[in-house]
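*Asks:* compute the structure for the input listed below.
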Amino acid sequence: MPLFAAMHGVEHQTFGPVEIDVAAVGDARIKRAIYPPGMRWSVDLQPLAGTETCNHAHVGFLAHGALHFEFPDGCVVELQAPAVVDIAPGHDAWVAGDEPAVLIEVDYLADTVARLGVAGDHQH
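*Replies:* Now for the predicted structure:
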């Protein structure tokens with residue numbers, strides 16, 4: 001059996017090396033993203049996104065592995081599962097260690113910041 005079983009009844013997407021399962025729940029989406037070891041947003045996903053930094057807010061739960069987020073001011077947020085995730089847009093990110101990172105998120109596409117009332121930019 002694979003480390004993370006396929007989910008049935010959801011939309012499966014790939015974005016570069018990231019495997020994403022998405023389910024609509026009301027107006028929101030619940031996502032499971034599996035980031036492979038060694039993945040870094042600025043290397044693996046920036047060319048696909050076409051933006052200087054990741055412009056998505058990430059709100060959810062880190063279920064497995066470790067993720068690090070870095071903002072343009074040099075601030076680094078290091079998360080190790082299990083951890084609550086509340087990351088503002090405008091960051092680079094990478095998987096730390098040799099395990100995949102599994103992030104369970106709730107989002108509203110471009111309305112995530114407003115709908116969840118989270119920070120729209122990095123604050124200390």
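
*Asks:* what's the nearest residue to Asp121 once chain neighbours are set aside in contact with, if anything?
*Replies:* Nearest residue to Asp121, sequence neighbours excluded (C-beta to C-beta, 6 or more residues apart in numbering): Ala88, at 5.6 Å. Quick note: C-beta positions are derived from backbone N, CA and C, even for glycine. Ala88 makes contacts with 57, 71, 118-123, as judged by C-beta atoms under 8 Å, 6 or more residues apart in numbering.

*Asks:* top of those residues by neighbour count?
*Replies:* Using other C-beta atoms under 10 Å as the neighbour criterion, Ala57 leads these with 25 neighbours.

*Asks:* doesn't Tyr108 make contact with it?
*Replies:* No. Ala57 is beyond contact range of Tyr108, at 9.5 Å (criterion: C-beta atoms under 8 Å).

*Asks:* for the protein, what spans make up the strands?
*Replies:* Remark: strands assigned in the chain by DSSP state E are 11-15, 18-25, 28-35, 58-64, 66-70, 76-80, 83-87, 92-96, 101-107.

*Asks:* which outside residues touch the third one?
*Replies:* Put plainly, it is strand 28-35. Contacting residues not belonging to strand 28-35 are listed as 4, 7, 17-23, 60, 65, 67, 95, 100-109, 115 [C-beta under 8 Å, 6+ apart].

*Asks:* please apply the same query to the fourth one.
*Replies:* Around strand 58-64, the neighbours that count as contacts under C-beta under 8 Å, 6+ apart are 4, 31, 79-87, 99-107, 112, 116, 118.

*Asks:* buried only: go through these for me.
*Replies:* For the contacts of strand 58-64, a burial check counting by 16 or more other C-beta atoms under 10 Å picks out 31, 79, 81, 83, 85, 87, 100-103, 105-107, 112.
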